[in-house]
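Chemist: Need a 3D model of the sequence below.
(one chain, ligands or ions: 2)
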Amino acid sequence: MLSIIQSSALQGIDSYPVSVEVDLSSGLPSFDIVGLPDSAVKESRERVRTAVKNSGFSFPVKHITVNLAPADTRKEGASFDLPIALGILCASGVLKSGIADDYFVTGELSLDGSVRPVNGVLPMVYGARQNGIKKCLIPRENMDEAALVEGIEVYPVHNLKEITEHFLGKNKLSPYSVDVKTLFQKKQTSDLLDFAHVKGQENAKRAMEIAAAGGHNFLMIGPPGSGKTMLAKRLPSIMPDLTFEESIEITKIYSVAGLLRSKSSLIHARPFRSPHHTISASALTGGGRIPKPGEISLSHHGVLFLDELPEFQRGALEIMRQPLEDGQVTISRVNGTLTFPSDFMLVAAMNPCPCGYLGDGNKCHCSMNEIVKYNRKISGPLLDRIDIMVEMPGVTYEDLEGIESGEASSKIKRRVLKAHGIQLERYKKEGIYFNAQLSAAQIEKYCSLGTKEKDMLRNAFERLDLSARAYHKILKVARTVADLDGSENITLPHLAEVLQYRSLDRKYML
Ligand SMILES: Nc1ncnc2c1ncn2[C@@H]1O[C@H](COP(=O)(O)OP(=O)(O)O)[C@@H](O)[C@H]1O
Ligand SMILES: [Mg+2]
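Modeler: Ligands and ions are numbered 1, 2, ... in the order given. Model (predicted):
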């Protein structure tokens, strides 16, 4: 007897269909899985055998062959346990053959027959719906993410026994659904840190507002205790809200990474990731035997904050160059390549020199050589990808003493939202959301300059010895400054402000 159950496997943050074909024939009792299974899939035999027995069924004493089709792609993980077990129950006659034909099935099995959660259920259910499947059986703990997909009935299951009773008609399972649009609108209660607590540092705050409004990469340079970390942590409080499509895209990444287990599984807020500087290159970009998204993908549509930038391993920083440019990361593996989206905003902080006090009175005792060596840890190409750089002075006593608190996040956010709204409207047909995403061709279209502005930029270009990439970045940031100003054209004051955020690389990066 042959039975076929529909399941799927992950590739990046998408899934592709896998048919689990189970054949039972007479002959010496055996249980084989073919179709390029890895060791976790092979171990599935033991889990399935025990789970079937412990759910009160006898395991067929037959020659069992399981094929995971297509047979030429490697299958990983334990998510085929449940489809294999269901296939065996159908092929052995416990359930009517073909009864589970129009279901999509995924899940790991425990030895007692209970169904355990698996990673990537959201992209799997999306894929199933795309293939015209109308019903899915998924682990109970994954039900909230599965229910985000509309147009497919989601049946959350606890254990194998419950599934057989459903198919035998004894105890029908009921489908689970949530109102996705309402869920999206129900924003999380905000426990975000507020800009009002930051005193002084007006220049850095303004630069941060521009960065948030246009999605620009941002670097802060200043002595210890000047508030770099403090400012970065407040960035989420002024970032524009997510659109529904962005929200789903981020949720898919977290689903594949196995980081969605909470009640409300839709990710509402822009991610803010701040990995420690000891992080390895592969933890940043993603990878591993069973490929998982790295920090740069977990920051997709959000912020990746690298505090103490020169302390990061050179290799880890260099590897970010391609994703910073392309908005996605490609990982090469033995059996093919994978891509994960990684369109993030890079925010970094560093001291100007090893002791940290360069430019702060006479406190710095570093030699020229030490300073150069310290700053060389960050390569020119990486620096070139940073759009806005600000120098932060130490906080003065007067700043701290002042009773007047800084501007509240809610006020800054209002301006950011306005500028973001202008961008969304302007790029409706382009499929981008932020000025930072403009391509060279789009820059020509949307960031044209008048004669006076062109003169100013030419001067600066020669004086600062800028690269072609820097030229484009200046135009993009100038577009954001103009948008914050509600101005249709980029004017001299806009351009002048932006140029001030580029002159720093000459000063430190000797
Ligand atoms: N501008 C500021 N306004 C108010 N407090 C500040 C400011 N800058 C620094 N602080 C105080 O100093 C602490 C250390 O700041 P931090 O952001 O960690 O400095 P850095 O990262 O630049 O070394 C903060 O937690 C805060 O209490
Ligand atoms: Mg710090």
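Chemist: What pairs with the helix or strand harbouring T339, parallel or antiparallel?
Modeler: Assigned by DSSP states H and E, T339 falls within strand 336-341. Strand pairing for strand 336-341, determined by DSSP bridges: strand 328-333 (antiparallel).
Chemist: how near is whichever residue of the chain sits closest to ligand 1 to M392?
Modeler: Proximity of the chain to ligand 1 (Cβ to the nearest ligand atom) peaks at G227, 2.8 Å away. C-beta coordinates here come from the backbone N, C-alpha and C atoms, glycine included. Counting by Cβ to Cβ, to the nearest Å, the gap from G227 to M392 is 7 Å.
Chemist: Now the common contact residues for the two.
Modeler: Shared contacts of G227 and M392 (Cβ atoms under 8 Å, 6 or more residues apart in numbering): Q201, A204.
Chemist: circling back: hang on, the residue of the chain closest to ligand 1 packs against N203?
Modeler: No - at 11.8 Å, G227 and N203 do not qualify as touching, with contact defined as Cβ atoms under 8 Å.
Chemist: that older thread, ok, the residue of the chain closest to ligand 1 - contacts?
Modeler: V198, Q201, A204, M392, V395.
Chemist: Of those, which are in range of ligand 1?
Modeler: Taking Cβ under 6 Å from any ligand atom as the test, ligand 1 is in contact with V198, Q201, V395 out of these.
Chemist: just checking, the last one is part of a helix?
Modeler: No - membership of V395 in a helix is not supported by DSSP: H, G, I helix; E, B strand; the rest coil, which gives coil.
Chemist: per-residue confidence at the residue lying closest to it once chain neighbours are set aside?
Modeler: Counting by Cβ to Cβ, 6 or more residues apart in numbering, the nearest residue to V395 once its immediate chain neighbours are dropped is G200, at 5.5 Å. Note on G200: pLDDT of 85.
Chemist: So G200 is in contact with Y397, correct?
Modeler: No - counting by Cβ under 8 Å, G200 sits too far from Y397 to count as a contact (10.4 Å).
Chemist: Specify which residue of the two has the higher count of neighbours.
Modeler: Set side by side, G200 and Y397 show more neighbours around G200, with 19 against 7, by other Cβ atoms under 10 Å.
Chemist: how much space between the more buried one and S405?
Modeler: Relative to S405, and taking Cβ to Cβ, G200 is found at 11 Å.
Chemist: still on that earlier bit, among the contacts of G227, which are located in helices?
Modeler: Counting by DSSP state H, the members of the contacts of G227 that fall within helices are A204.
Chemist: Could you dump the contacts of G227 into TSV with neighbour count and distance to S79 added?
Modeler: As requested, the contacts of G227 are arranged in TSV below (neighbours: other Cβ atoms under 10 Å; distance: Cβ to Cβ, whole Å):
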residue	neighbour count	distance to S79
V198	22	46
Q201	24	49
A204	23	47
M392	20	48
V395	18	52
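Chemist: Could you list the domains of the protein?
Modeler: Domain ranges of the chain: 2-178, 195-430, per automatic domain parsing.
Chemist: What's the end-to-end length of stretch 112-122?
Modeler: 26 Å (Cα to Cα, to the nearest Å).
Chemist: for that stretch, the distance to its chain's centre please.
Modeler: How far stretch 112-122 lies from its chain's middle: 22 Å, per Cα atoms, centre = their mean, to the nearest Å.
Chemist: cool, stretch 1-13 as well?
Modeler: Distance of stretch 1-13 from the chain centroid (Cα atoms, centre = their mean) equals 25 Å.
Chemist: so how far is K233 from the residue lying closest to S110 once chain neighbours are set aside?
Modeler: Excluding the flanking residues, the one nearest S110 by Cβ to Cβ, 6+ apart is R116, at 5.7 Å. Look at R116 and K233: by Cβ to Cβ, they are 36 Å apart.
Chemist: And for Y397?
Modeler: In this view, Y397 and K233 are 23 Å apart by Cβ to Cβ.
Chemist: Flag every residue of the stretch 201-350 of the chain that's near ligand 1.
Modeler: When proximity is defined as Cβ under 6 Å from any ligand atom, the stretch 201-350 of the chain approaches ligand 1 at Q201, G222, P224, G225, S226, G227, K228, T229, M230.
Chemist: Among those, which one lies nearest to K363?
Modeler: P224 (10.6 Å; Cβ to Cβ).
Chemist: what residues are up against the closest one?
Modeler: N351, G356, Y357.
Chemist: coming back round to it: list residues touching both of G227 and N203?
Modeler: Residues touching both G227 and N203 (Cβ under 8 Å, 6+ apart) are M392.
Chemist: before we move on, the earlier item: alpha carbons of the strand holding T339, in PDB - could you do that?
Modeler: This file holds the C-alpha atoms of strand 336-341, laid out as PDB (Å, rounded to 0.1, in the frame of the first residue of the first chain):
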ATOM      1  CA  GLY A 336      23.800  25.100  -3.100                       C
ATOM      2  CA  THR A 337      23.400  28.700  -2.000                       C
ATOM      3  CA  LEU A 338      20.800  30.300   0.200                       C
ATOM      4  CA  THR A 339      19.700  33.900   0.600                       C
ATOM      5  CA  PHE A 340      18.200  35.600   3.600                       C
ATOM      6  CA  PRO A 341      16.900  39.100   3.400                       C
END
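Chemist: can you give me the mean pLDDT across it?
Modeler: 87.
Chemist: Now do the buried residues in it.
Modeler: By neighbour count on 16 or more other Cβ atoms under 10 Å, the buried set for strand 336-341 is L338, T339, F340, P341.
Chemist: ok, back up a step: quickly check the residues of the stretch 201-350 of the chain next to ligand 1 for the two that are furthest apart.
Modeler: Largest separation among those by Cβ to Cβ: Q201 and P224, giving 14.3 Å.
Chemist: Where does pLDDT dip in the stretch 401-510 of the chain?
Modeler: 403-404, 503-510 (pLDDT under 70).
Chemist: All the helices of it, residue numbers only.
Modeler: Shown for the stretch 401-510 of the chain, the helices assigned by DSSP state H, counting those that start in this stretch span residues 409-426, 440-446, 451-464, 468-484, 492-500, 504-508.
Chemist: and these, which is most packed in?
Modeler: Compared across those, helix 468-484 shows the largest average neighbour count, a mean of 22 (mean count of other Cβ atoms under 10 Å).
Chemist: Only alpha carbons, please: show that one as CSV.
Modeler: Extracted in CSV, the C-alpha atoms of helix 468-484 (Å, rounded to 0.1, in the frame of the first residue of the first chain):
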residue,chain,number,x,y,z
ALA,A,468,31.4,57.7,-6.0
ARG,A,469,29.5,55.8,-3.4
ALA,A,470,29.9,58.7,-0.9
TYR,A,471,28.5,61.0,-3.6
HIS,A,472,25.3,58.9,-3.9
LYS,A,473,25.0,58.6,-0.1
ILE,A,474,25.2,62.4,0.2
LEU,A,475,22.4,62.8,-2.2
LYS,A,476,20.2,60.2,-0.4
VAL,A,477,20.7,61.8,3.0
ALA,A,478,20.1,65.3,1.5
ARG,A,479,16.8,63.9,0.2
THR,A,480,15.8,62.9,3.7
VAL,A,481,16.8,66.3,5.1
ALA,A,482,14.6,67.9,2.5
ASP,A,483,11.8,65.6,3.3
LEU,A,484,12.0,66.4,7.0
